[in-house]
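Chemist: turn this into a model:
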Amino acid sequence: MIPIELEKQKNIRGLGGTVTRDGRTIRPRRFIRSGRLSGLTFQDASVLLGQWQVRTIVDLRCDKECRERPDPYWPIVEYFHIPILSEEKLGLEAVKNEEGRELTLFEKLLAVSSNPGFQAKLYMEDLYRKFVSSVQGKAAIRRFFDLTMESSDRGSILFHCNGGKDRTGIITVLLLTALDVPWPVIEEDYSLTNRNVEAAYRKRVTMLPHGYQSAEARNVLKMLYLADRDYLSAAVDEMKLIGDTPLGYLQKAIGLDDRWLESFRARYLR
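Modeler: Have a look, this model is predicted:
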């Protein structure tokens, strides 16, 4: 994994150089995983478009997220919007308080955290299962892989969600699985997000308003910022129910047969 130094997005890295089980490596400047791109500086754009040769961007967010924080427009880039889940499934549907202000996701989750049996971790584990088991999730995963074949000669493919850890994390797990990367390396990349966002998370905790200084608020914030291997395990368990292994899931649920995988690896490995 290759870190990418940007001013306004810290959870971003290239997947080039990752070693597969047969000793090959992922070609450089082919895949980049990231958090949201809104707010990037001119210098950030120069790094991505120049040094990293980004020519395709895949946005995994729902419609609401895209409207609120749209990607920057770069004429040399081809954009694709492939939402993994709808805003309703993500819990992003509009809910307003008594004054008519729309609640943030943090506020909504904190509001339901007082309900009997609610646990932030269980909420996230359920989302991860939906990423790979829902009709929309499976269709989005298949579309993403089709795009990788269509765009393999156009420079880097950058894919992102909001935080760059959950939907982006699952797509990365499946991408590395398809490229035959060892599972411990896949898990390591998934967890690397926490190192990248730790400073931002700690700062956000210190900025919680006085009324939100509670264990419940901190748990919700942790869920929104940090990756957790238990979340990933929930998705893997769902994959195993469908296809016995993550690779079997790609073959049975997504339709990536041996011939497709061989062609995919030939394009992206060296």
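Chemist: mind listing what the nearest residue to residue 133 once chain neighbours are set aside touches?
Modeler: When the adjacent residues along the chain are set aside, residue 133 lies closest to residue 238, with 5.0 Å between them (C-beta to C-beta, 6 or more residues apart in numbering). Heads up, the C-betas are built off the backbone N, CA and C, glycines and all. Residue 238 makes contact with 128, 129, 132, 133, according to C-beta atoms under 8 Å, 6 or more residues apart in numbering.
Chemist: can you tell me which two in these are farthest apart?
Modeler: 128 and 133 (9.5 Å; C-beta to C-beta).
Chemist: which of those two has more residues huddled nearby?
Modeler: residue 128 (24 against 16; other C-beta atoms under 10 Å).
Chemist: wait, the more buried one touches residue 170, no?
Modeler: Yes: taking contact to mean C-beta atoms under 8 Å, the distance of 6.8 Å between residue 128 and residue 170 places them in contact.
Chemist: A strand includes residue 7, no?
Modeler: No: if the criterion is DSSP: H, G, I helix; E, B strand; the rest coil, then residue 7 is coil and not within a strand.
Chemist: list phi and psi for it.
Modeler: phi -80, psi -40 (degrees, to the nearest 10).
Chemist: my read: it touches residue 42, true?
Modeler: No: no contact is recorded between residue 7 and residue 42 when judged using C-beta under 8 Å, the distance being 9.5 Å.
Chemist: now for the helix or strand containing residue 196, which elements pack on it?
Modeler: Assessed by DSSP states H and E, residue 196 sits inside helix 183-206. Contacts defined by 3 or more C-beta pairs under 8 Å, 6 or more residues apart in numbering; DSSP states H and E place helix 183-206 against strand 12-14, helix 167-178, helix 215-225, helix 229-243.
Chemist: distance of the residue nearest to residue 163 when sequence neighbours are not counted relative to residue 83?
Modeler: In space, not counting the residues next to it along the chain, residue 163 is nearest to residue 35; the distance is 5.3 Å by C-beta to C-beta, 6+ apart. From residue 35 across to residue 83, the span is 16 Å (C-beta to C-beta, to the nearest Å).
Chemist: residue 240 now?
Modeler: The gap separating residue 240 from residue 83 is 25 Å, by C-beta to C-beta.
Chemist: that older thread, buried stuff in the helix holding residue 196?
Modeler: Applying a neighbour-count criterion of 16 or more other C-beta atoms under 10 Å, the buried positions in helix 183-206 are 186, 187, 189, 190, 191, 192, 193, 196, 197, 204.
Chemist: what is the nearest of those residues to residue 269?
Modeler: Compare each of the buried residues of helix 183-206 with residue 269 using C-beta to C-beta and the shortest gap goes to residue 186, at 15.3 Å.
Chemist: list the contacts of the closest one.
Modeler: 172, 173, 176, 177.
Chemist: follow-up on the earlier one: so between residue 7 and residue 42, which is more surrounded?
Modeler: Regarding residue 7 and residue 42, a neighbour count based on other C-beta under 10 Å identifies residue 7 as having more, with 12 against 8.
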